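Undergrad: Sequence and predicted structure, then a few things I'm wondering about:
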Amino acid sequence: MKSRAQKQEELARGKKLFDGSRVVLLTDFSRVSAEDLRRLRSDLKSIGATLLVMKKRLLGVLLKEKGIAFDPKQFQSSVGAIFSAADLEHASGSVYKFFSSLVPPDGAEKNLFTKKILGGYALAEKAFIDAERVLFIGKLPPREVLLAQLLGMLAAPIRSFLYVLDQKSKTVETKQ
């Protein structure tokens with residue numbers, strides 16, 4: 001059991017991370033191996049995010065001090081908070097990739113680990129984000145890929161029209 005001083009130190013660390021964050025994502029890390037958690041931490045570090053494992057009650061105190069209504073009893077299991085200075089798209093994408101890459105035990109459903117994403121909080125909008133939205137945003141491809149797909153969709157009709165014109169000009173040339 002942690003002493004009062006250790007809890008205050010953990011709370012101070014949480015406040016420091018909270019102040020530098022744009023998004024806080026909540027995850028369930030139960031039944032995730034220590035090696036996988038190390039991998040998650042290194043993935044998050046690359047985007048400027050930090051996983052902080054703290055007691056639900058302390059997390060509730062931290063969020064309450066910051067003016068966020070949070071009931072820690074709504075979650076049955078352990079809760080890990082991911083504090084991210086990156087936007088929601090980057091943070092949820094990394095978290096989704098990590099949890100979807102975990103291999104479920106034999107006989108378990110395929111999306112067992114993606115259910116461990118519990119939701120989050122966007123600090124700029126001051127709004128709670130439910131787990132389904134975090135999953136949806138996490139599944140989206142990166143911005144650059146989406147822009148390339150959009151460009152391809154815009155160019156496809158023009159390319160098809162040019163192909164038709166080219167074929168038409170070839171048929172006109174052969175008739176002469």
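TA: That came through fine.

Undergrad: As a check, name the ranges of all strands in the chain.
TA: 23-27, 49-53, 80-84, 117-122, 127-130 (DSSP state E).

Undergrad: what lines up beside the second one in the sheet?
TA: Read it as strand 49-53. When pairing is defined by DSSP bridges, strand 49-53 lines up against strand 80-84 (antiparallel).

Undergrad: Send over the partner strand as CSV, restricted to the C-alpha atoms.
TA: Output of strand 80-84 as CSV, limited to C-alpha atoms (Å, rounded to 0.1, in the frame of the first residue of the first chain):
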residue,chain,number,x,y,z
GLY,A,80,-4.4,3.6,-17.2
ALA,A,81,-4.4,7.2,-18.3
ILE,A,82,-2.6,8.2,-21.5
PHE,A,83,-1.7,11.9,-21.5
SER,A,84,-1.0,13.1,-25.0
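
Undergrad: mind listing what's buried in it?
TA: Within strand 80-84, the residues scored as buried using 16 or more other CB atoms under 10 Å are 80-84. For every residue, glycine as well, the C-beta is placed using N, CA and C.

Undergrad: which among those gets closest to Leu102?
TA: Gly80 (14.2 Å; CB to CB).

Undergrad: which residues sit in contact with that closest one?
TA: Contacts of Gly80 were listed using CB atoms under 8 Å, 6 or more residues apart in numbering, and they are 26-29, 51-53.
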